[in-house]
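[1] attaching a predicted model along with its sequence, questions to come.
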Amino acid sequence: DVKVTQSSRYLVKRTGEKVFLECVQDMDHENMFWYRQDPGLGLRLIYFSYDVKMKEKGDIPEGYSVSREKKERFSLILESASTNQTSMYLCASSRPTGAEDQPQHFGDGTRLSIL
Amino acid sequence: KQEVTQIPAALSVPEGENLVLNCSFTDSAIYNLQWFRQDPGKGLTSLLLIQSSQREQTSGRLNASLDKSSGRSTLYIAASQPGDSATYLCAVRGGSNYKLTFGKGTLLTVNP
């Protein structure tokens, strides 16, 4: 089974801190994604990466950056945390598109609170 | 811009009932449509993926259909069980990147 592991289930940080969320997948997937999920807004894509050191902005990249130095690991960075970044953060991975798409596999999420 | 709508937002049914969840999307130029399940406080679990060239997919008691021309998909759950209680999300992939656009989900409660 595909395993996508997010380093923390719950995290509490203070305004202005630099926050790192880590995600590791064990299936050698090329594609990795970071989403945030908010009540009433659903899931929104922050960034995705289709290869090591490659990244593309999603719908809401402002205030975030990402790092992918190794294929299995994709990090989301909140440069200076703000209260409006309090949310559930979900990481996902998938194989690249070939003849047919493959489903995205999700981690259990990190519930981040910024105080 | 693609928009995905799921109706109803919440549904409560007695155990054993067959039910249908609906998903509609505004741009019919999609690569695929996926149905996910999300349990409270957890991530998403992929249930079914329908390629744009397919009309339906089945897995156990689940059957998903896709009508690209009308921008609609349905998820049919047969003989529902309390363990089916969860939020069900549909998502479409369109364009040349890997981005999924999600609906806001249907919260399903199956009562024993």
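    Received the coordinates, thanks. Numbering: from 1, shown residues only, chains lettered A, B, ... in the order given.
[2] distance from stretch A:75-89 to the middle of the chain?
    From the chain centre to the centre of stretch A:75-89 is a distance of 11 Å (Cα atoms, centre = their mean, to the nearest Å).
[3] buried stuff in the helix or strand hosting residue B:57?
    Element membership for residue B:57, per DSSP states H and E: strand B:56-59. For strand B:56-59, burial by neighbour count (16 or more other Cβ atoms under 10 Å in any protein chain shown) applies to residue B:57. In this view, the C-beta of every residue, glycine as well, is placed from N, C-alpha and C.
[4] what's the following helix or strand after that strand?
    strand B:62-67.
[5] let me know whether residue A:110 touches residue A:4 as I believe.
    No - checked against Cβ atoms under 8 Å, the pair residue A:110 and residue A:4 is beyond contact range at 11.8 Å.
[6] burial count for residue 102?
    Let's take chain A. Around residue A:102 there are 17 other residues, counting by other Cβ atoms under 10 Å in any protein chain shown.
[7] ah, I was thinking of chain B
    The burial count for residue B:102: 21, using other Cβ under 10 Å.
[8] where are the low-confidence patches of chain A?
    A:1-2, A:97-100 (pLDDT under 70).
[9] repeat that for 80
    A:1-2, A:96-102 (pLDDT under 80).
[10] around chain B, pick out the residues from it.
    A:4, A:31, A:33, A:40-45, A:48, A:50, A:56, A:58-59, A:90, A:92, A:94, A:97, A:100-109, A:111 (Cβ under 8 Å from any Cβ of the partner chain).
[11] show me the strands in chain B, by range?
    Using DSSP state E, the strands found in chain B span residues B:4-7, B:10-14, B:19-25, B:30-38, B:44-51, B:56-59, B:62-67, B:72-77, B:86-94, B:100-102, B:106-111.
[12] give me the contacts around the fifth one.
    Going back to what we said before, that points to strand B:44-51. Contacts to strand B:44-51, defined as Cβ atoms under 8 Å, 6 or more residues apart in numbering or on different chains, come from residues A:90, A:92, A:100-106, B:31-39, B:56-59, B:62, B:64-66, B:73, B:75, B:88-89.
[13] and that strand, how far out from the chain middle?
    8 Å.
[14] over to the second one?
    Centroid separation for strand B:10-14 versus its chain: 15 Å, with Cα atoms, centre = their mean.
[15] from residue A:20, how far out is the nearest residue in space to residue A:75 that is not next to it in sequence?
    Leaving aside its sequence neighbours, residue A:75 sits nearest to residue A:67 (Cβ to Cβ, 6 or more residues apart in numbering or on different chains; 4.5 Å). Look at residue A:67 and residue A:20: by Cβ to Cβ, to the nearest Å, they are 9 Å apart.
[16] give me the common contacts of the two.
    Common neighbours of residue A:67 and residue A:20 (Cβ under 8 Å, 6+ apart) are A:75, A:77.
[17] include distance to residue A:8 when you put the strands of chain B into CSV, please.
    Converted to CSV, the strands of chain B look like this (distance: least, Cβ to Cβ, whole Å):
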stretch, distance to residue A:8
strand B:4-7, 29
strand B:10-14, 30
strand B:19-25, 32
strand B:30-38, 19
strand B:44-51, 18
strand B:56-59, 32
strand B:62-67, 32
strand B:72-77, 32
strand B:86-94, 22
strand B:100-102, 23
strand B:106-111, 26
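[18] could these be laid out in JSON lines, adding mean pLDDT and distance to residue A:78?
    What follows is the strands of chain B, written out as JSON lines (pLDDT from 0 to 100; distance: least, Cβ to Cβ, whole Å):
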{"stretch": "strand B:4-7", "mean pLDDT": "95", "distance to residue A:78": "27"}
{"stretch": "strand B:10-14", "mean pLDDT": "96", "distance to residue A:78": "32"}
{"stretch": "strand B:19-25", "mean pLDDT": "97", "distance to residue A:78": "31"}
{"stretch": "strand B:30-38", "mean pLDDT": "93", "distance to residue A:78": "23"}
{"stretch": "strand B:44-51", "mean pLDDT": "93", "distance to residue A:78": "22"}
{"stretch": "strand B:56-59", "mean pLDDT": "95", "distance to residue A:78": "37"}
{"stretch": "strand B:62-67", "mean pLDDT": "97", "distance to residue A:78": "36"}
{"stretch": "strand B:72-77", "mean pLDDT": "97", "distance to residue A:78": "35"}
{"stretch": "strand B:86-94", "mean pLDDT": "94", "distance to residue A:78": "25"}
{"stretch": "strand B:100-102", "mean pLDDT": "91", "distance to residue A:78": "22"}
{"stretch": "strand B:106-111", "mean pLDDT": "97", "distance to residue A:78": "29"}
